[in-house]
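K.L.:
give me coordinates for this.
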Amino acid sequence: MHKMMYRLGLVSVSFREHTPEEILQAMKDVGLSCIEWGSDVHAPCKDTECVLAIAELQKKYGITCSSYGTYFRLGETPLAELPAYIAAAKMLGTDILRLWCGKKRGANMTVKERTSLLDQCRCAARIAEVYGVTLCMECHQHTFTENPDDAVELMRTVNSPRFRMYWQPFQWLTAEESMSVAKRIAPYAEHIHVFHWKGNERFPLGDAVEEWRAYLTAFSTPRTLLLEFMPDDNLASLKKEAESLKEIAGVTV
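P.N.:
Sure, this is the predicted structure:
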């Protein structure tokens, strides 16, 4: 049986209090190869000097940018601002941007709101096609893509290879329910955010190795696995969490 080869990394928002260089050094020390930079603290899209400095640091530490984690919210943020985020992503060396889709679950939207959001998504996809980037919707609570039925409808409605999804388990669902969602989202998912939460409580990823191995069987090809948040927000915990991520991915620690 062919062994899946995963790219393993980190989401920078896991350590908002630390500098990009501190994060990259810690990643190099524990053997993670790629990072998703957040646009909120570490890599603001309009701060070109900062973004270019991060790109140089990536070279120094031998770490690539898997994706640009924006807080661009479709239906809320003007589409005219999207090219600035795309430009920052390209400076960082990635063609994948993570976006948020609306601010409500589909069930809580009016027909007018739903139609407007879908139109915005189609327009965003066309922009992505022009710039040669891929926009991935955050699979998150209190957004249109919280419900897998709505997420799949969105993917089919927009129908663009440049408009995709992320996947992550919802901490309010059982493992079985999250697995069901993973199977629905898998055909459209680019990256996976990896953590172990139950409700509002965070736990070491090592407690969920078998659970995560099961989740990954929903995906027919390897995805980039990005650690998101430590159980205690401590940079020192990255080593243990990275070891657990490697164990999940079948990498010899």
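K.L.:
residues contacting residue 139?
P.N.:
145-146, 151, 165-168, 181, 185, 189, 193 (Cβ atoms under 8 Å, 6 or more residues apart in numbering). No exception for glycine: its C-beta is placed from N, CA and C like everyone else's.
K.L.:
for it, helix, strand, or coil?
P.N.:
coil (DSSP: H, G, I helix; E, B strand; the rest coil).
K.L.:
which one's the longest strand in the protein?
P.N.:
strand 64-74 (DSSP state E).
K.L.:
and it, what does it pack against?
P.N.:
For strand 64-74, the contact count by 3 or more Cβ pairs under 8 Å, 6 or more residues apart in numbering; DSSP states H and E identifies strand 7-11, strand 34-38, helix 48-61, helix 82-92, strand 96-101, helix 111-131, strand 189-194, strand 224-227 as packing neighbours.
K.L.:
quick one: strands adjacent to it?
P.N.:
strand 34-38 (parallel), strand 96-101 (parallel) (DSSP bridges).
K.L.:
so can I have TSV of those showing mean pLDDT?
P.N.:
Below are the strands paired with strand 64-74 laid out as TSV (pLDDT from 0 to 100):
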stretch	mean pLDDT
strand 34-38	98
strand 96-101	98
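K.L.:
dump these to a markdown table, plus mean neighbour count and distance to residue 51.
P.N.:
Compiled in a markdown table, those are given as follows (neighbours: other Cβ atoms under 10 Å; distance: least, Cβ to Cβ, whole Å):
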| stretch | mean neighbour count | distance to residue 51 |
| --- | --- | --- |
| strand 34-38 | 26 | 8 |
| strand 96-101 | 25 | 13 |
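K.L.:
please convert these to a markdown table, extending it with distance to residue 72.
P.N.:
As requested, those are exported to a markdown table (distance: least, Cβ to Cβ, whole Å):
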| stretch | distance to residue 72 |
| --- | --- |
| strand 34-38 | 12 |
| strand 96-101 | 5 |
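K.L.:
do you know which of the ones you listed lies nearest residue 222?
P.N.:
Proximity to residue 222 (Cβ to Cβ) singles out strand 34-38 among these, at 12.8 Å.
K.L.:
and residue 55, how far is that from residue 89?
P.N.:
According to Cβ to Cβ, to the nearest Å, residue 55 and residue 89 sit 11 Å apart.
K.L.:
of the two, who's got more company?
P.N.:
residue 89 (27 against 17; other Cβ atoms under 10 Å).
K.L.:
so what's the more buried one up against?
P.N.:
Residue 89 touches 65, 67-68, 95-97, 133, counting by Cβ under 8 Å, 6+ apart.
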